[in-house]
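Q: Show me the folded form of this:
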Amino acid sequence: MKVLMITQAVDPHADLLGFVPTWIRALAARVDALYVLAGRVAPCNLPANVEVASLGKESGAGRLTRLSRFIRALKEAVGTKKADVVFAHMNPEYAIAAAPLSRAPVVLWYTHRAVTPKLKLAVRLSRLVVSASRESFCLDSDKLRITGHGIDASLFPLTPPPGGLNLLSVGRLDPSKDMETVVEGAALLSKRLPGVRVTLAGEGPRREALEALAKARGVPVEFLGKVPYSAIGPVYRAADLFVSASRTALDKAVLEAMASGRPAIACNPAFTSWMPAERTFAPGDAAGLAAAAERVLAGDRAQLGREAREKVEREHGLGAMMDRLVKVFEEAAGRKR
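A: This is a model prediction of the structure:
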């Protein structure tokens, strides 16, 4: 099978999309050829059966230039190179742009709770749709297939938590990630467990307000800003507990922290559907967050961390996810095993 993958970036050092090269390597091991078209590209080692083309964002290419390159690369991949499937990663716009120009079926990957007119159109134009979990895709569609998130556990060595009261949250500092609840919850927790500290990895428009909130509540918060994907592993390992108050889809950061052996608490439905209730809290519930954090920190953190890693490997591991994804491609292309 030959696959054209369209994605935003191929860059091992990107903060949000640094995992894409690991996906490319895993997918390349399961197909005959993988053609990758990305908005921007940075140097990285990829298998011999992978060809990467850039739309030119890294060199400042304008919108019309990028559009021209997109059309040319798409036609070459599905025409001359005979790609069997077009895999539009995350952005509905890719599926919308590719479907009218491609003889090959389009498979859209989308993990976000937002439902937009663009998403609805992309789903109509796509042969099949893939998401990490049922809760990560909020449209009812018989096209939907679930694969898991695709976490490369080999990038996140299993180590025991340090044994302190270090809370970590990773994500953009914007309203959807609700870092305010993390800070408020830590403030409540510190009344029961003095010495609580918070680390926030990410950047965004809420940083100044979060700094003011932390100061007002008397909670020590370290703001790391954007952390390259290649450097996020040590950040997970320095934490005792990962906290997610995100109201969007289940963030990969939660699973990466769990793969590192860190217990996690969260409020997202995709998390609460497969984790014990004592490790969950309601969205925006700072008191619930503090109670869940206290329960975990009072337990055997190392054992909880080992169980977390096993769960990630079993349900969201990269190899199993790619095997499921290839089956979706074969279904889209009308192939039978």
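
Q: In contact with the residue nearest the centre of the chain: list those residues for me.
A: Compute the mean C-alpha point of the chain, and by CA atoms, centre = their mean the closest residue is residue 252, 3.6 Å away. Shown in contact with residue 252 (CB atoms under 8 Å, 6 or more residues apart in numbering): 19, 149, 151. Backbone N, C-alpha and C define where each C-beta goes, glycine included.

Q: Would you double-check that residue 34 falls in a strand?
A: Yes: counting by DSSP: H, G, I helix; E, B strand; the rest coil, residue 34 is found in a strand.

Q: give me the beta-bridge partners of it?
A: Under DSSP bridges, the beta-bridge partners of residue 34 are residue 3, residue 50.

Q: does it really touch residue 3, like I thought?
A: Yes: counting by CB atoms under 8 Å, residue 3 is a contact partner of residue 34 at 5.3 Å.

Q: shared neighbours, those two?
A: residue 27.

Q: List phi and psi for the closest residue to residue 160 other than its chain neighbours.
A: Residue nearest to residue 160 in three dimensions, not counting chain neighbours: residue 302, with 4.2 Å by CB to CB, 6 or more residues apart in numbering. The phi/psi pair for residue 302 (degrees, to the nearest 10) reads phi -60, psi -40.

Q: Return the residues in contact with residue 302.
A: By CB under 8 Å, 6+ apart, the contact list for residue 302 reads 160, 161, 261.

Q: coming back round to it: now the residue nearest to the centre of the chain: how far from residue 156?
A: Going from residue 252 to residue 156 by CB to CB, to the nearest Å gives 11 Å.

Q: Pass me the low-pLDDT residue ranges in this protein, would you?
A: Applying pLDDT under 70 to the chain picks out residues 336-337.

Q: Tell me where it has helices.
A: Under the criterion DSSP state H, the chain contains helices at 20-28, 63-75, 92-98, 117-125, 179-192, 207-217, 232-237, 252-259, 269-272, 286-297, 301-316, 318-332.

Q: Quick check: which of those is buried the most?
A: Mean neighbour count (mean count of other CB atoms under 10 Å) peaks for helix 252-259 among those, with a mean of 27.

Q: tell me the angle of it relative to helix 301-316?
A: 120 degrees (axes from the mean of the first three to the mean of the last three CA atoms, to 10 degrees).

Q: Can you check which of the helices of the chain gets nearest to residue 172?
A: Of all these, helix 179-192 sits nearest to residue 172, with 9.1 Å by CB to CB.

Q: Any idea how far the closest one is from the middle of the chain?
A: Taking CA atoms, centre = their mean, to the nearest Å, one finds helix 179-192 lying 25 Å from the centre of the chain it belongs to.

Q: same question, stretch 149-163
A: 15 Å.

Q: before we move on, what about stretch 51-71?
A: Averaged C-alpha coordinates place stretch 51-71 at 24 Å from its chain's average position (CA atoms, centre = their mean).

Q: hey, C-alpha coordinates of it in PDB?
A: Backbone C-alpha positions of stretch 51-71 (Å, rounded to 0.1, in the frame of the first residue of the first chain) are rendered in PDB as follows:
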ATOM      1  CA  GLU A  51       9.400  11.100   0.700                       C
ATOM      2  CA  VAL A  52       8.700  14.400   2.400                       C
ATOM      3  CA  ALA A  53       7.700  17.600   0.600                       C
ATOM      4  CA  SER A  54       7.200  21.000   2.300                       C
ATOM      5  CA  LEU A  55       4.600  23.700   1.400                       C
ATOM      6  CA  GLY A  56       7.300  26.200   2.500                       C
ATOM      7  CA  LYS A  57       6.200  27.700   5.800                       C
ATOM      8  CA  GLU A  58       9.700  27.400   7.200                       C
ATOM      9  CA  SER A  59      11.000  29.600   4.400                       C
ATOM     10  CA  GLY A  60       8.200  32.100   4.500                       C
ATOM     11  CA  ALA A  61       6.200  31.000   1.400                       C
ATOM     12  CA  GLY A  62       3.000  32.900   0.900                       C
ATOM     13  CA  ARG A  63      -0.500  31.500   0.800                       C
ATOM     14  CA  LEU A  64      -0.700  31.300  -3.000                       C
ATOM     15  CA  THR A  65       2.700  29.600  -3.300                       C
ATOM     16  CA  ARG A  66       1.700  27.000  -0.600                       C
ATOM     17  CA  LEU A  67      -1.600  26.300  -2.400                       C
ATOM     18  CA  SER A  68       0.200  25.800  -5.700                       C
ATOM     19  CA  ARG A  69       2.700  23.400  -4.100                       C
ATOM     20  CA  PHE A  70      -0.200  21.600  -2.400                       C
ATOM     21  CA  ILE A  71      -2.000  21.000  -5.600                       C
END
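
Q: Give me the residues contacting it.
A: Stretch 51-71 is contacted from outside by 9-10, 33-42, 46, 73, 97, 101, using CB under 8 Å, 6+ apart.

Q: how long is stretch 263-280 end to end?
A: One end of stretch 263-280 sits 11 Å from the other (CA to CA, to the nearest Å).

Q: Buried ones in it, by neighbour count?
A: Buried residues in stretch 263-280, counting neighbours by 16 or more other CB atoms under 10 Å, are found at 263-272, 275, 279-280.
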